[in-house]
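**Q** let me see the structure of the following:
(2 chains)
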Amino acid sequence: MVTRGRLTGWWSRTAYDLRRLWEEPVLGVAVAGIFGLLLVFILYPLARVLTVSLFPEGALTLKLYREFLASWFIRQAFVNSVVMGVLTAVGGTAVGFLFAFTLTRTDIPGKGFLTLSAILPVISPPFVSALSIILLFGNNGLITRQLLGLQDFAIYGLRGLLLSQVFTFFPVAYLTLRGILESLGGTLEDAAMNLGATRWKAFRRVTLPLCLPGLASAFLVLFIESIADFGNPLILGGSGFPVLSVQVYLQVTGMYDLPGGAALAVILLVPSVTTFLVQRYWVARKRYVTVTGKPTRAVIRAVSPGMQWTLFAACGAVALFVLLFYATIVVGAFSRAWGADHSLTLRNFGYVFAVGAQAIKDTLIIAVTSSPLAGLLGMAIAFLVSRRRFPGRQAMEFISILNFAVPGTVIGIGYILAFNQRPLLLTGTALILITNFLFRYIPVGIQSGMAGLRQIDPSIEEAATNLGASSHVTFRRITLPLLVPAFFSGLVFSFVRAMTAISAAIFLVSADWNLMTVQILSQTEAGRLGAAAAFSVLLILIILLAIGVIRLILGQLFEYRYEAAFG
Amino acid sequence: MKTRWMLCGLLAIGLLVAGTARAQDSLVVYSSVDEENAKKLLDAFTQATGVKVRFTFLSSGPAVARIEAEKNNPQADIWYGAPSENHVVLKEKGLSQPYVSPNAKDLAGKFKDPEGYWTSFYMNPLGFASNANTLKQKGVEPPTSWADLLKPEFKAQVQTPSPQTSGTGYNMVAALVMIMGEDKAFDYLKKLNPSIQTYTQSGTAPSKAAAIGQAGVGIQFTPAFLQLIEEGYPLKITFPKEGVGFEAPAISILKGAPHPDLAKKLVDWSITIPGQNAITDAKTYFFPVHSKARLAKGLPSFDEVPAINYDAAWAGKEKKRLVDRWINEVLRAQK
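**A** Okay, the predicted model is just below:
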């Protein structure tokens, strides 16, 4: 009887939601449209992959899964993936928070440089980054051998991998947390201290709890991203530290076993999806509103002078490392033989412009098309999910973040399987690359959008609605401008990934549409390390330029002031 | 503000339309030969025959995965490059179609499929590349035999590709099995573990690690060594006297190829003497497979390389079993 009561309750709520949708056609159309897109571009390709893993020879069987779960090697890879994911997420979130807190709560010099070095590592060109790490920390590395005098420092394995993973992923945490700390302002901390709290107590009892949703989503994003990533583990994990994402790739590309790779990918989804659910349950219960429409001017005094300089030193050390990392790549681009003969030359760039002009153009077109779409769609989904009631709300959030947890290799293969036949014939076109990037990289925008929205009091939006604004006017005039920092990070992230991603893209490039990352791979494979470095330098410059342009356009559109955020 | 968003949208659509309207009627190639060399060789083909070519670089794993995923609506005509055992896989998966080129009669049997499913058009032996500086610091001579690599002075100094991931790595294991017999080869590989710094995932990573001094010795096919030496890296090439395998990259015409006639022209031309000389003229560092073709300066003559009679078809058939054995015996015994 209880069940039946619940069921009727569920049904009457759903019916109520449906009626409301009917009364607000714009919302209804938006929800239906987004569901349609998610269905075609996320669920359908994944369903194709799942089908392949369950029907390897035409008949339904769990044979592949049984074989893998019985293999010591795959079990080891599974454990390694989780260990690496947790450690990367903890380390990356900590470093990201360190930077976000220091840059929003202290008055130290050199903030511009520190900000830059906290964003820059998001741009890590594939393969060349791992080479740079090896040149700095390897057997013959600048830091390990030349500076510290260590002999035969073992870079392959968990240690080297963790170093590069934290380095690559902490900016994602930084971007999420910075937006949140900024919108928190210092008022609450001031109030706490006025009431007699010590700085430490204000931090522990006010700042930290208010950051929890942000910390949780940063942790989630980092964990999922690092266990799905295969670029760093492919090179630095080596065979001594197998992880599942790499095994998926190898099963498909090394053993030519598509069904096996698909089955492994499904196994990899288990920890990702579990994390996602745990985080949802935990964060969803905590709700903080800090942007209330009341003034939030505050004096910065949350940090003691001594602490301020400690934080400065910590950030400075990381920034120095970032600087060295990129300097190494720049040196490579201008050297005759990177790592061996560092006499100055321009021939690498001459070569790059001769061989790669078309790829550079294609990459730009695809990134410029896909990232604004990803930014907008991400905000739209974040808004709908956290501010509107409609049936399937949870499902929408879940599906839209799903792609993030799936290794790129599998998505790439899912896309060819799904879009190689009429009516959805996309292979060989730019559209397949654009949709791939679009739907793969919206989750960061959605996560930071939702974390941001959780802090904006719905009463501001309600006020607008009460004053007669329709639902989309409220969204555009009230919510969107408040979401600009989150929108910015979503946009930058998807642009950067569209420029640097390779795992899915390698299956989708064609004779007509090629990408710079595939060129970098091709050049490193062929042994032209200088040319690969030169390509990477160009890639970095283009991205920096683009971030500047995005900032300018957003500033124009929403009169958002970036001096503080990116000065 | 609305207008601005609409302008952005229009711009995006414009870019898409501009981009998709590109030339369509030419030979479409998935090339596992690296971008630059593929461009040189295919340009020479276009010049000789007038056939226009559009190609995409894909290393062998992604290429097979992609050809398989596209089998209901093939996008490409030809798979160009990647060692012949990969083309054996393609044949067994039913993804290629037979074509016996009239010119194939000039090739040795190991360079072609008897039924014409694939045809090899160049070859590369496996070799050792030692970083001269690193070895000098340690006071070690470059290795000249497989047995040398077991010496303690090479402890954690050698990089070799993993057979699990890389065709090169598998080629090494299969060749050792052919040289020593299976059980002895696996004994050897287990004893080699302490010398291995890491089994790399990519077939060309060892040469780079050796070039920058991360590893003392890298094991892989020779062309990347020669390219790195040309770039100025202090590498020295040696061959193990017990013998080495080689790769013989091949061409397959894909089943359902949209332009089968153009595809046949590429197969025909690639194994003519002009087609083979193009390999040398383009400075690819590859060995031609036609005995009358020119050999590049700087390449050792193929007779000086202790190449064994590598059976690619057998290697292709035994791959899954040998790789599984390697994972369970050699990789598991590591550390």
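**Q** and the closest residue to residue B:131 other than its chain neighbours, what does it touch?
**A** Nearest-residue entry for residue B:131: residue B:210, 4.9 Å, with adjacent residues in sequence omitted and distances by Cβ to Cβ, 6 or more residues apart in numbering or on different chains. Using the backbone N, CA and C atoms, a C-beta is placed for each residue, glycine as well. If you count contacts by Cβ atoms under 8 Å, 6 or more residues apart in numbering or on different chains, residue B:210 has them with B:129-131, B:134, B:159, B:216-218, B:235.
**Q** quick check, pLDDT for residue B:210.
**A** pLDDT for residue B:210: 92.
**Q** which helix or strand contains it?
**A** Taking DSSP states H and E as the criterion, residue B:210 maps to helix B:205-211.
**Q** how many other residues sit next to the residue of chain B found nearest chain A?
**A** Going by Cβ to the nearest Cβ, chain A is nearest to residue B:61 of chain B, at 2.3 Å. Using other Cβ atoms under 10 Å in any protein chain shown, residue B:61 is surrounded by 26 other residues.
**Q** so what does the strand or helix carrying it touch, helix or strand wise?
**A** Secondary-structure assignment from DSSP H and E places residue B:61 in helix B:60-69. Judged by 3 or more Cβ pairs under 8 Å, 6 or more residues apart in numbering or on different chains; DSSP states H and E, the packing partners of helix B:60-69 are helix A:244-253, helix A:258-284, helix A:408-418, strand B:27-31, strand B:78-83, helix B:84-92.
**Q** spatially central residue in the chain, please.
**A** Unless you meant another one, I'm taking chain A. residue A:444 (5.1 Å; Cα atoms, centre = their mean).
**Q** that answer is for a different chain, and I need it for chain B
**A** The residue lying closest to the centre of chain B (Cα atoms, centre = their mean) is residue B:82, at 4.4 Å.
**Q** wait, doesn't that residue sit right on residue B:250?
**A** Yes. Applying Cβ atoms under 8 Å as the test, residue B:82 and residue B:250 come out as touching, 7.3 Å apart.
**Q** packing partners for the strand ranked longest in chain B?
**A** In chain B, taking DSSP state E as the definition, the longest strand is strand B:122-131. Packed against strand B:122-131, as judged by 3+ Cβ pairs under 8 Å, 6+ apart, are the following elements: helix B:167-180, helix B:205-211, strand B:217-221, helix B:223-231, strand B:235-238, strand B:246-247, strand B:249-254, strand B:287-288.
**Q** just to revisit the earlier point, looking at the helices and strands packed on helix B:60-69, which is closest to residue B:277?
**A** Minimum separation from residue B:277 across the helices and strands packed on helix B:60-69 (Cβ to Cβ) falls at strand B:78-83, 17.8 Å.
**Q** got a list of what the closest residue to residue B:51 other than its chain neighbours touches?
**A** Leaving out its chain neighbours, the residue that sits closest to residue B:51 by Cβ to Cβ, 6+ apart is residue B:262, at 5.2 Å. Residue B:262 makes contacts with B:26-27, B:51, B:77, as judged by Cβ under 8 Å, 6+ apart.
**Q** confidence score at the residue of the stretch 201-350 of chain A found nearest chain B?
**A** Residue nearest to chain B within the stretch 201-350 of chain A (Cβ to the nearest Cβ): residue A:253, separated by 2.3 Å. You'll see residue A:253 listed with a pLDDT of 75.
**Q** break chain B into its domains for me.
**A** The record's domain split for chain B, according to automatic domain parsing, is B:24-123+B:248-302, B:125-246+B:312-333.
**Q** report the distance from the longest one to the chain centre.
**A** On the basis of Cα atoms, centre = their mean, to the nearest Å, domain B:24-123+B:248-302 sits 12 Å off its chain's mean C-alpha point.
**Q** identify the farthest-apart pair in the contacts of residue B:262.
**A** B:51 and B:77 (10.6 Å).
**Q** the two: which is more packed in?
**A** The neighbour count for residue B:51 versus residue B:77, taken as other Cβ under 10 Å, is higher for residue B:77 (26 against 18).
**Q** which SSE is immediately downstream of the longest strand of chain B?
**A** Next along the chain after strand B:122-131, taking DSSP H and E as the criterion, comes helix B:132-138.
**Q** ok, residue A:178 - how many residues close by?
**A** Residues contacting residue A:178 under the criterion other Cβ under 10 Å number 28.
**Q** report pLDDT for it.
**A** 84.
**Q** checking it next. Helix, strand or coil?
**A** Secondary structure assignment for residue A:178 (DSSP: H, G, I helix; E, B strand; the rest coil): helix.
**Q** what's the pLDDT at residue 109?
**A** Because you didn't say which chain, this covers chain A. Note on residue A:109: pLDDT of 85.
**Q** wait, chain B
**A** Note on residue B:109: pLDDT of 85.
**Q** and residue 327, how many neighbours?
**A** I'll assume chain A. Counted with other Cβ under 10 Å, residues neighbouring residue A:327 total 13.
**Q** I was after chain B.
**A** Burial of residue B:327 is recorded as 18 neighbouring residues (other Cβ under 10 Å).
**Q** any idea how far residue B:93 lies from residue B:257?
**A** The spacing between residue B:93 and residue B:257, counted by Cβ to Cβ, to the nearest Å, is 15 Å.
**Q** how about residue A:459?
**A** Distance, residue A:459 to residue B:257, by Cβ to Cβ: 64 Å.
**Q** go on, residue A:114?
**A** 56 Å.
**Q** quick check: which ranges of chain B have low pLDDT?
**A** Residue ranges of chain B with pLDDT under 70: B:1-24, B:298, B:335.
**Q** model confidence for residue A:562, exactly?
**A** Per-residue pLDDT puts residue A:562 at 42.
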